[in-house]
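**Student:** Need coordinates for the following:
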Amino acid sequence: MSQHWSWRLHGDGRTVSPDAIVTPTERLTWPRTIGFGAQHVVAMFGATFLVPVLTGFPPTTTLFFSGVGTLLFLAINRNRLPSYLGSSFAFIAPIQASMTDHGMGAALFGILVTGVLLALVGAVVTATGTRWIDALMPPVVTGAIVALIGFNLGGAATTNYSAAPWIATLTLVTICVVAAALRGMAARLSILIGVAVGYLATAIAGDLDFSLVESADWVGLPDFSHPTVTWSVVPMFLPVVLVLVAENVGHVRSVAHLVGDESINDRTGTALVADGVATGLAGLGGGSATTTYGENIGVMTATRVFSTAAYWVAGLVAILLSLSPKFGALLNTVPAGVLGGVTVALYGLIGLIGVKIWVDHGVDFSRPRNQFPAAAALIIGIGDLTLNAGEMTFTGITLGTLAAIVLYHAMAWLERLRGDQTEPAVEG
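**Tutor:** Predicted coordinates for the structure are as follows:
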């Protein structure tokens, strides 16, 4: 078998010493590898199934393309870059807007176009490297874009919350208690545990309807759909390309650092291509768009097992789960109150990831060139400023992203024009 499609056994395959890691090209015994793969499925599941539930997409279809996308990602990266491709939260707002105004076909077209553009960016990065990305989107811009995407969804979260405030509060409190009181994998599964507690409370109250679950088949193909060419929705999806670029670049750099192998950074271009192909394929068939998952990096960090073999297992398990319509119908019974409790926390956390980017890179907010682009972008995004130009609709996420990029580079140019040659230690 080609060296790209096989793994060396790590030691005796049963133990990993405290100061060692299982590299992407190694594996443990297959029973242990299957166990780690199942762990990755659990880690990704809470976030991955929430996206279709929130957007109205079929959950089993999303799981199917999540699993297929993961396998494609591993294959395109020649089995050397571990990652699970789960549902991207960056797509929630444009999908919801597209579904409301034009239907599912239009939303799928937006996903398809995003995937194609991301793959093209990956091809350029493969040929030229990532320096131009760093120049286009310095930390102050990247942080602003990520933050406004999370905060833009605040209205949707509070609407669900108000549908059943007590259940939503119980769900939110459970998430916080589990995250603070428990450790390891249990703490990482705080959202999944919160959903389970809120769901159980709703069931006890007798407010769940299982009629569709009872009538669904145990085994069957997911509900596949196809995109409808709707160019007017494309502007809403364009900013998401930048977010996916940032997420994939960050993922590759994180794995390279954790494994201690800087050559993994050479996979940045192919990682972008792979996620673009997976996202485009999901758009063609009716699934939610994909991205690399931080939850699974957390699992790798805790277990020190970076074997891509475990991710092949995870992808295959996700595909198997997707072949049960009854399982998909069960996911669709998650009540609005539970979703409200989860999303109040989750959407806020997405926003805070942007803030963390500012903190981690030491962005200097005493400088006007950092202050005003971030400030304008956040208000435009949170307020969801929406403008129409012919058939095109530009939402708060689109306009906020443009504001962050254009204002930053314009103000930086004006500073240089006036003769200010000083640069911060870390460029914001």
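**Student:** Give the residue spans of the stretch 251-400 of the chain that score low on pLDDT.
**Tutor:** 294-295, 298, 302, 391 (pLDDT under 70).
**Student:** which stretches of the stretch 101-250 of the chain form helices?
**Tutor:** Taking DSSP state H, counting those that start in this stretch as the test, the helices found in the stretch 101-250 of the chain are 104-128, 131-136, 139-151, 154-163, 165-181, 184-188, 190-204, 211-215, 234-259.
**Student:** elements contacting the fifth one?
**Tutor:** Using 3 or more CB pairs under 8 Å, 6 or more residues apart in numbering; DSSP states H and E as the contact criterion, the elements in contact with helix 165-181 are helix 154-163, helix 184-188, helix 190-204, helix 336-360. For glycine as for every other residue, the C-beta is placed from the backbone atoms N, C-alpha and C.
**Student:** what residues are up against the most centrally placed residue in the chain?
**Tutor:** The residue lying closest to the centre of the chain (CA atoms, centre = their mean) is Ser88, at 3.2 Å. Contacts here follow CB atoms under 8 Å, 6 or more residues apart in numbering; on that basis Ser88 touches Val51, Val240, Val243, Leu244, Glu247, Thr279, Ser288, Ala289, Thr290, Thr291.
**Student:** Could you do Thr393 as well?
**Tutor:** For Thr393, the contact set (CB under 8 Å, 6+ apart) comprises Ala97, Asp101, Ser232, Val233, Pro235, Met236, Thr386, Leu387.
**Student:** isn't there a helix covering the first one?
**Tutor:** Yes - counting by DSSP: H, G, I helix; E, B strand; the rest coil, Ala97 falls inside a helix.
**Student:** still on that earlier bit, would a markdown table of the contacts of Ser88 with neighbour count and distance to Leu120 be doable?
**Tutor:** A markdown table is the format used below for the contacts of Ser88 (neighbours: other CB atoms under 10 Å; distance: CB to CB, whole Å):
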| residue | neighbour count | distance to Leu120 |
| --- | --- | --- |
| Val51 | 24 | 24 |
| Val240 | 29 | 14 |
| Val243 | 24 | 16 |
| Leu244 | 27 | 12 |
| Glu247 | 22 | 17 |
| Thr279 | 32 | 12 |
| Ser288 | 34 | 21 |
| Ala289 | 38 | 16 |
| Thr290 | 35 | 17 |
| Thr291 | 26 | 17 |
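**Student:** Name the residues that touch stretch 16-28?
**Tutor:** Under the criterion CB under 8 Å, 6+ apart, residues 7-11, 13-14, 33, 36, 79-82, 255, 258-261, 264, 304-310 lie in contact with stretch 16-28.
**Student:** End to end on that stretch, go ahead and measure it.
**Tutor:** 9 Å (CA to CA, to the nearest Å).
**Student:** Correct me if wrong: Lys326 contacts Ser215.
**Tutor:** No - using CB atoms under 8 Å, Lys326 makes no contact with Ser215, being 9.0 Å away.
**Student:** If you count surrounding residues, which of the two has more?
**Tutor:** Per other CB atoms under 10 Å, whichever of Lys326 and Ser215 has more neighbours is Lys326, with 16 against 10.
**Student:** most neighbours, which of the contacts of Thr393?
**Tutor:** The contacts of Thr393, ranked by neighbours (other CB under 10 Å): first place Met236, 28 neighbours.
**Student:** how far away is the residue nearest to that one when sequence neighbours are not counted from Thr61?
**Tutor:** Using CB to CB, 6 or more residues apart in numbering and skipping the chain neighbours, the partner closest in space to Met236 is Pro94 (3.9 Å). For Pro94, the distance to Thr61 equals 18 Å [CB to CB, to the nearest Å].
**Student:** Tell me which of these two has more neighbours.
**Tutor:** Comparing Pro94 with Thr61 by other CB under 10 Å, the one with more neighbours is Pro94, at 28 against 22.
**Student:** Does that one touch Val234 like I think?
**Tutor:** No - counting by CB under 8 Å, Pro94 stays clear of Val234, with 9.3 Å between them.
**Student:** Between the two, which contacts overlap?
**Tutor:** Gly110.
**Student:** Just the buried ones from the contacts of stretch 16-28?
**Tutor:** For those, a burial check counting by 16 or more other CB atoms under 10 Å picks out 7, 10, 13, 33, 36, 79-82, 255, 258-259, 261, 264, 305-310.
**Student:** just checking, Leu346 touches Ile191?
**Tutor:** Yes - between Leu346 and Ile191 there is a contact at 6.7 Å, judged by CB under 8 Å.
**Student:** okay, the helices and strands packed on helix 165-181 in TSV with distance to Tyr408 and mean neighbour count next?
**Tutor:** Listed next are these as TSV, based on distance: least, CB to CB, whole Å; neighbours: other CB atoms under 10 Å:
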stretch	distance to Tyr408	mean neighbour count
helix 154-163	24	17
helix 184-188	34	15
helix 190-204	33	19
helix 336-360	13	21
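**Student:** Make TSV out of these and add distance to Val22.
**Tutor:** Below are those laid out as TSV (distance: least, CB to CB, whole Å):
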stretch	distance to Val22
helix 154-163	38
helix 184-188	17
helix 190-204	25
helix 336-360	27
